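K.L.:
When you get a sec, could you give me coordinates for this:
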Amino acid sequence: MVIVDDTGTIRLVNAQTEALFGYGREELLGRSVDLLVPDRFRAHHTAHRTGYADNRQVRPMGAGLELHGLRKDGTEFPVEISLSPLETTDGLLVSAAVRDVSDRKAAEERINELAALVESSQDAILAKTLDGHITYWNAAAQRLYGYTRAQVMGRHVSLLAPPDCSHEIDALMNQLRNGEKVEHFETLRVTRYGDLLDVDITLWPTRASDGKVIGACAIVRDISDRKRAEAELTVLYEQQRHIALTLQRSLMGTPPAIPGLTTASRYRPATQGAGVGGDWFDLVPLGAGRVGVLIGDVMGRGLEAAAVMGQLRSAAHALAKTGMQPRQLMQALDAAVADLDVPDQLVTCCYLVVAADAGEVTICSAGHLPTLVATAGEGARSLPAPVNAPLGVGGVLYQQCSAVMPPGATLVLYTDGLIETPGSDIEDQLCRLTTTLSELFTTAPDLEAAADHLLTTMLPDAEGHNDDVTLLLTRLPDAPLAAVTLDLPAVPDSVPEGRAFLSKALTSWGCTTRADDARLLLSEVLTNAVQHAQGPIGLHLCRTTTDLTVEVGDHSPQLPQPRFAADDDESGRGLILVRALADNWGVRPTDDGKTTWFTLAL
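P.N.:
Now for the predicted structure:
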């Protein structure tokens, strides 16, 4: 409170004046009130004071003008001044109530700044009451929806929602009434002209000073361009994924159906990432009742892994067709991986040869996960196999082993995608797989149903696995109807003895329809073994419901090769006859030498 006379001389001040302006009381009394006014405003201040003398009433000073005070230290601050006339015996006094409005002015500036930002925002911003009636509408909202401020003020916000989205408005308003904020809610909105827009909406409740929710604000962003781009990217991604998977399936190939061999296979590409990897499996008919079973996994993802997989699968299939043993095939594949010259490329692989007549499985594993054997009524277990390094390590001498399997046993081969899942221990998952198999094989299940059950159990989230998954179930064929074996010395008399043994077996089996062909072919194969190989010679005859297989084993590693004989040659026509008369034939190396075989359909 500052009291001045009609000349502007300060007569009285209170303690708040001293605190506000920084002067002591004695420094102010008797001085002109202009001391408290900045220089640039003093002329106007004098005019205001004179005008007040002519119109004495309680009123603000300089209404509508910016007024400032001046502190002793020279700093200025905004003020409001209310004037009141005081008639005294000494003449007119004027009481001025001076208020520092610095905080209020700062708040007003901040409010004006925010209001300018809201109005100039590129996002549509609107406010509404708790019952949904619009109370604020910025310029961006007009551009987005096409309505002017005058057209929407006071109208319900459901005006902006398509009919099938009107239920969203009630749900959102309920959340806001409960004081909840809604962030990045994506939906459809409709313009004044009926166009649909993809929008991203963020809403938050507005509150009174006591904290009570009294309304809501919304920021609406047009995401139509983004949605179109996402849709285009989705189509492009699906096209690329389809191409990648088509390439991979082409490289993987389709294993042939092998008569008498029941199988079920599943391949699931990764649902995340490139969708193309290095898993493969193969079934290779080797003849003479033998089948090769291959499974492999090239480490890594992408086209490079798929390309390596395709090359190795082709190489493995070709090598397996030669009849070579599993350890020899692994040795050759290891060299093939080295020749590919792909740095740090490791490949796990497992190759098994199933001999139906002996019920025997020969296995060689290059760092691959254990092969499981499931037998009806006996559960599941791991098939023992030597531990060898993965392909690509180099300098490894691969080992194999053989095991006799009961008829009807099922081999279970898989890649790591089936049991390696984030956050789980691989040993625990392997135990889980073994337990699931044991529960399935209390009886002899259908392999297709068993494969589906295994995938569902091990990978309950069909869309959440980040690695390829390959699963192969192979049930061993039933034992042959009959089989006999004879050991012969490498002497000429062994040829007629072998023919007689064959004739007797065919007669006892009731298979005489192709007896002449069988004796002729056996004579040629036995003669080659007697003339060019080392004894003893093993003769093995095997009969199934459809075929007769004859095998002649000797101790010479030299593999016979068909050739065209000259007109005057006395030899060289034996294998030509075998090729001409047999339904299938071949030669496979063994640890002791080789085995030449042929098959005749009965």
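
K.L.:
For the chain, which element, helix or strand, carries the lowest mean pLDDT?
P.N.:
Across the helices and strands of the chain, the lowest-confidence element by mean pLDDT, DSSP states H and E is strand 59-60, at a mean of 66.

K.L.:
Can you name the element that comes right after that one?
P.N.:
Past strand 59-60, further along toward the C-terminus, the next helix or strand under DSSP states H and E is strand 67-70.

K.L.:
For the helix or strand following that following strand, what does the pLDDT average out to?
P.N.:
The first helix or strand that comes after strand 67-70 along the chain, using DSSP H and E, is strand 76-88. The predicted model assigns strand 76-88 a mean pLDDT of 86.

K.L.:
now for strand 76-88, which elements pack on it?
P.N.:
Applying 3 or more C-beta pairs under 8 Å, 6 or more residues apart in numbering; DSSP states H and E, we find strand 76-88 packed against strand 59-60, strand 67-70, strand 91-100, helix 102-120. No exception for glycine: its C-beta is placed from N, CA and C like everyone else's.

K.L.:
Mind listing the strands that strand pairs with, and their directions?
P.N.:
strand 59-60 (antiparallel), strand 67-70 (antiparallel), strand 91-100 (antiparallel) (DSSP bridges).

K.L.:
deepest of those strands, which one?
P.N.:
Mean neighbour count (mean count of other C-beta atoms under 10 Å) peaks for strand 67-70 among the strands paired with strand 76-88, with a mean of 19.

K.L.:
Contacts made by that strand with the rest, please.
P.N.:
The contact list for strand 67-70, computed with C-beta atoms under 8 Å, 6 or more residues apart in numbering, reads 20-21, 35-38, 41, 61, 76-81, 98, 100.

K.L.:
quick one: it to chain centroid distance?
P.N.:
68 Å (C-alpha atoms, centre = their mean, to the nearest Å).

K.L.:
try stretch 443-454
P.N.:
Here the centre of stretch 443-454 is set off from its chain's centre by 27 Å, with C-alpha atoms, centre = their mean.

K.L.:
Quick one: residues in contact with that stretch.
P.N.:
Residues from elsewhere that reach stretch 443-454 (C-beta under 8 Å, 6+ apart): 262-266, 376-377, 408, 410, 418, 433, 436-437, 440-441, 471, 473, 475.

K.L.:
Sort out for me which of these are in strands.
P.N.:
262-266, 410, 471, 473, 475 (DSSP state E).

K.L.:
quick check, nearest of the residues you listed to Ala139?
P.N.:
Arg266 (58.6 Å; C-beta to C-beta).

K.L.:
beta partners of the residue lying closest to the closest one once chain neighbours are set aside?
P.N.:
Counting by C-beta to C-beta, 6 or more residues apart in numbering, Arg266 lies nearest to Leu471, which is 4.5 Å off, once chain neighbours are set aside. Assessed by DSSP bridges, Leu471 has beta-bridge partners Arg266, Tyr414.

K.L.:
For Leu471, list the residues it contacts.
P.N.:
Shown in contact with Leu471 (C-beta under 8 Å, 6+ apart): 265-267, 412-415, 418, 451, 454-455.

K.L.:
Asn138 and Leu117 touch, don't they?
P.N.:
No - contact between Asn138 and Leu117 fails when scored by C-beta atoms under 8 Å: they sit 9.9 Å apart.

K.L.:
higher neighbour count, these two?
P.N.:
The neighbour count for Asn138 versus Leu117, taken as other C-beta atoms under 10 Å, is higher for Asn138 (21 against 11).

K.L.:
I'd say Met330 and Cys364 touch.
P.N.:
Yes - using C-beta under 8 Å, Met330 makes contact with Cys364 at a distance of 5.0 Å.

K.L.:
Glu497 sits in which helix or strand?
P.N.:
helix 494-509.

K.L.:
what's that helix packed up against?
P.N.:
Contacts defined by 3+ C-beta pairs under 8 Å, 6+ apart place helix 494-509 against strand 482-488, helix 515-532, strand 537-543.

K.L.:
so which of those gets nearest Gly287?
P.N.:
Nearest of those (C-beta to C-beta): strand 537-543, 11.7 Å.

K.L.:
Partner strands of the helix or strand following that closest one, with direction?
P.N.:
Helices and strands here follow DSSP H and E; after strand 537-543, the next one along the chain is strand 547-554. Paired neighbours of strand 547-554 in the sheet (DSSP bridges): strand 537-543 (antiparallel), strand 594-601 (antiparallel).

K.L.:
how about low-confidence regions in the stretch 401-550 of the chain?
P.N.:
Scanning the stretch 401-550 of the chain for pLDDT under 70 picks out 462-466.

K.L.:
Redo the helices and strands packed on strand 76-88 as a markdown table? Include distance to Gly392.
P.N.:
Listed next are the helices and strands packed on strand 76-88 as a markdown table, based on distance: least, C-beta to C-beta, whole Å:
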| stretch | distance to Gly392 |
| --- | --- |
| strand 59-60 | 91 |
| strand 67-70 | 84 |
| strand 91-100 | 82 |
| helix 102-120 | 61 |
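
K.L.:
closest one to Pro285 among these?
P.N.:
helix 102-120 (76.3 Å).

K.L.:
tell me what the closest one is packed against?
P.N.:
Short answer (3+ C-beta pairs under 8 Å, 6+ apart): helix 102-120 packs on strand 76-88.

K.L.:
Report the buried residues of the strand it packs on.
P.N.:
Residues of strand 76-88 classed as buried by neighbour count (16 or more other C-beta atoms under 10 Å): 78-81, 83.

K.L.:
rewinding a little: including distance to Glu238 and neighbour count, could the contacts of Leu471 go into JSON lines?
P.N.:
Formatted as JSON lines, the contacts of Leu471 follow (distance: C-beta to C-beta, whole Å; neighbours: other C-beta atoms under 10 Å):
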{"residue": "Ser265", "distance to Glu238": "25", "neighbour count": "18"}
{"residue": "Arg266", "distance to Glu238": "22", "neighbour count": "17"}
{"residue": "Tyr267", "distance to Glu238": "18", "neighbour count": "18"}
{"residue": "Val412", "distance to Glu238": "33", "neighbour count": "25"}
{"residue": "Leu413", "distance to Glu238": "30", "neighbour count": "23"}
{"residue": "Tyr414", "distance to Glu238": "27", "neighbour count": "27"}
{"residue": "Thr415", "distance to Glu238": "24", "neighbour count": "26"}
{"residue": "Leu418", "distance to Glu238": "25", "neighbour count": "24"}
{"residue": "Ala451", "distance to Glu238": "26", "neighbour count": "19"}
{"residue": "Leu454", "distance to Glu238": "28", "neighbour count": "21"}
{"residue": "Leu455", "distance to Glu238": "23", "neighbour count": "17"}
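
K.L.:
wait, which of the residues you listed is closest to Asp467?
P.N.:
Asp467 has its nearest neighbour among the contacts of Leu471 in Thr415, at 8.0 Å by C-beta to C-beta.

K.L.:
which residues touch the strand or helix carrying Thr187?
P.N.:
For Thr187, the host element (DSSP H and E) is strand 182-190. Strand 182-190 is contacted from outside by 145, 160-162, 165, 168, 172, 175-176, 196-204, 220, 223, using C-beta under 8 Å, 6+ apart.

K.L.:
Give me the residue ranges of the stretch 51-200 of the chain where confidence is low.
P.N.:
51-65.

K.L.:
what's the distance between the residue of the chain most remote from its centre and Leu526?
P.N.:
Distance from the C-alpha centroid of the chain peaks at Thr89, with 94.6 Å (C-alpha atoms, centre = their mean). Note on Thr89: its distance to Leu526, by C-beta to C-beta, to the nearest Å, is 155 Å.

K.L.:
Over to Leu602?
P.N.:
Where Leu526 is concerned, Leu602 sits at a distance of 21 Å (C-beta to C-beta).

K.L.:
These two - which one has more neighbours?
P.N.:
It is Leu526, of Leu602 and Leu526, that has more neighbours when counted by other C-beta under 10 Å, with 27 against 16.

K.L.:
Sounds good, over and out.
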